[in-house]
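> fold the following.
(one chain, ligands or ions: 1)
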Amino acid sequence: MSDAIEALLEENRRFPPPAAFAASARVSSPALYTEADEDFRGFWQRHALREISWFREPTEVLDDSNPPFYKWFADGELNISYNCLDRHVEAGGGDKVALHWLGEPGEERRITYAELLAEVCRCANALRDLGVRRGDRVAIYMGMVPELPIAMLACARLGAAHSVVFGGFAASALADRIQDAACTVLVTCDGAWRRGQVIPLKEMCDGAVDLCPTIKHVLVVRRTENDVPWTPGRDVWWHETVASAPADCAPERMNAEDVLFLLYTSGTTAKPKGICHTTAGYLLGAMMTHRWVFDIRPDDVYWCAADCGWVTGHTYIVYGPLANHTTGVMYEGTPEYPSWSRHWEIVERYGVTVYYTAPTAIRAFVKAGDQHLEGRNLSSLRLLGTVGEPINPEAWMWYHERIGGGRCPIVDTWWQTETGSIMISPLPGLTTTKPGSATHPMPGVAAAIVDEQGVEVARGGGGYLVLKQPWPSMLRTLWGDDDRFVQTYWNRFGRDVYFTGDGAKTDDDGNFWLLGRVDDVINVAGHRISTTEIESSLVGHAAVAEAAAIGAHDPIKGEQICVFVITKDGVEQGDELRAELLQHVATQIGRFARPGMLLFTSDLPKTRSGKIMRRLLKDVAEGRELGDATTLRDSTVVQTIKDQADRQLGHR
Ligand code: WTA
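From the prediction side, this is the model:
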């Protein structure tokens, strides 16, 4: 890690905003930063009053009387679906395309703001008929079809919180999340297209719903037309209920601090955390950062190539862009199918101007080869973004040159499910970028780097990344678990200092360089998975006595999951069991969590207090010299593990 960062800090290429870009950028003066620095309450209040359409304007800004339980605009009333849809239609903007959608097999849909509003109203009415009321929770488990954002907005219209579960999660992970929030309705699809195959989502739902007595109805979109199991009375088709529902539905008057959504993310225990976001502050963060960071203008065609199942999809496919009356692109499939040119065909077809993706995708494009760009006209692009993990300078340079034609600024955006919106990022008309650095905190964001004691480190130093001041789109709590909320984020450095769980460093110019997680969370292709989640899944298998999971470097995914497994006495180790255990994790958690490496060992390196020393396992997995093992209970263990690993890997 430290070698990598030293190499990064020697990075001295600098990319000032191109003059033509800066000349017409939405933010071209540093005044935004100074205004926010001088008075962050006044700054957010001005934007909230000017940019949000309120049913009742708030007189309060920030209530910080009981940290970390902050409230923003607490006496305001609004509806976020009204802000994303109705107000644009009322202002005459109903014919503008809200979404260009492309299915994996190639069919297209073009949905205007007026059409989207009508669909959202129909869906809201159908959900109401299924018993959904203000304050309820609705689970959404779908592929990337327009009905996914429609269902989210319909929940918001009714004042029910949505809990979107990424379609790559397995049935038991879906069940855990439904149970935690006691969801009453589940919205899904018959299946989802993935690389030409159908993933049977409805079938997987049935496995989950059997364990979830709170679910009264399952609303099913027909997408792939595969046969699905059906429970009459409980299950209803979207095309039978939503399609015939009335196309008007008054938006509920919600309080600014009413819950908008829950989104589960991995923590350091096996139980996922239900990150809880509320209405007005989240909307403000999503809308303003989307406009500032992506320099959004009325004629942009904006494509965030994430999945709605993650926070990036919530904030930068659905709420931010729609609140800004932006034309967006939504694609159903993965970047490699039917070929690695798919994304560039889409850019060309819709004339995409702003493109936002993950470093892991960029590294995969580099590996697939530049032949996939041949004959593609990418000249519509004017701005590029990345999110989810640190981007290595080589990938950044390739993105800049090959995709951006050397003319497009790149915004490397650092943020989290918890922060709700972008916290550290260049502003493309203003910031001089350096490949690999997310550069500076956004206006109104007080990011700092502190040492173990919470003391801020001097410029040029490294440590823990914290946020020292509340911000409107911050998480409000963990669903049903205020204690864990406080313990996880607000205990290490004080009740008013948010601990991000990331390490970071600044350089002499004050640019931030993100160094990855400092807790037991692995970041695989931009997806967060906790080591304990994987370990407890493995230990749940009859053949396994003990297991340890770590993240090891991977050239494409950033990190891959590597597991060390001790089997029970008498169990035969070998390729068959290895395959079975890998599949076990995939079925328990989800296919994206399948470990890339599984090694059988006879022991694990533990300290005297019994804590697994993951650092040493990382050395083994990455084929490095073993680090200091003197604090181990038995220092010979790790050499034994290394010998066993070398035998199984057979290449060192
Ligand atoms: C990591 C995704 C470096 C980080 C929006 C963070 C990043 C975690 C970046 C949150 C970036 C996200 N550079 N690291 N630009 N963006 N991360 O909750 O470790 O899925 O804590 O939110 O991703 O992941 P999450």
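
> for residue 460, give me phi and psi.
Taking degrees, to the nearest 10, you get phi 100, psi -10 for the backbone angles of residue 460.

> neighbours around the residue of the stretch 51-200 of the chain found nearest the ligand, how many?
Of all residues in the stretch 51-200 of the chain, residue 166 sits closest to the ligand, at 10.3 Å by CB to the nearest ligand atom. Using the backbone N, CA and C atoms, a C-beta is placed for each residue, glycine as well. Counted with other CB atoms under 10 Å, the neighbours of residue 166 add up to 20.

> ok, it touching residue 311?
No - under the criterion of CB atoms under 8 Å, residue 166 makes no contact with residue 311, lying 10.5 Å away.

> pull up the residues of this protein that are close to the ligand.
265, 310-312, 387-390, 412-417, 438, 500-502, 514, 516-517, 523, 528 (CB under 6 Å from any ligand atom).

> can you flag which of those belong to strands?
265, 387, 412, 413, 500, 501, 502, 514, 516, 517, 523, 528 (DSSP state E).

> help me confirm that the first one comes into contact with residue 475.
No - taking contact to mean CB under 8 Å, the distance of 9.8 Å between residue 265 and residue 475 leaves them out of contact.

> got any residues that touch both of those two?
Here residue 265 and residue 475 have 275, 417, 418 as joint contacts, going by CB atoms under 8 Å, 6 or more residues apart in numbering.

> next, the first one: secondary structure please.
This means residue 275. With DSSP: H, G, I helix; E, B strand; the rest coil as the basis, residue 275 sits in strand.

> which residue is the nearest non-sequential neighbour of residue 409?
Nearest residue to residue 409 in three dimensions, chain neighbours excluded: residue 428, at 4.0 Å (CB to CB, 6 or more residues apart in numbering).

> that neighbour and the ligand, how far apart?
Here residue 428 is placed at a distance of 15 Å from the ligand (CB to the nearest ligand atom, to the nearest Å).

> switch to numbering from 12
Got it, the first residue is 12 from now on, which makes the last one we talked about residue 439.

> could I get the shared contacts of residue 276 and residue 486 as a markdown table with neighbour count and pLDDT?
Compiled in a markdown table, the shared contacts of residue 276 and residue 486 are given as follows (neighbours: other CB atoms under 10 Å; pLDDT from 0 to 100):
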| residue | neighbour count | pLDDT |
| --- | --- | --- |
| 286 | 23 | 98 |
| 428 | 19 | 97 |
| 429 | 24 | 98 |
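
> what's downstream of the biggest helix by length in the chain, the next helix or strand?
If you go by DSSP state H, the chain has its longest helix at helix 124-140. Note on helix 124-140: by DSSP states H and E, the next helix or strand toward the C-terminus is strand 148-152.

> give me the mean pLDDT for that next one.
The average pLDDT within strand 148-152 is 98.

> next one: stretch 575-595
Regarding stretch 575-595, the rounded mean pLDDT is 94.

> where in this protein is pLDDT low?
Applying pLDDT under 70 to the chain picks out residues 12-21, 662-663.

> which phi and psi values does whichever residue of the stretch 362-511 of the chain sits closest to the ligand adopt?
At 3.4 Å from the ligand, residue 428 is the closest residue in the stretch 362-511 of the chain, using CB to the nearest ligand atom. Main-chain dihedrals, residue 428, degrees, to the nearest 10: phi -50, psi -40.
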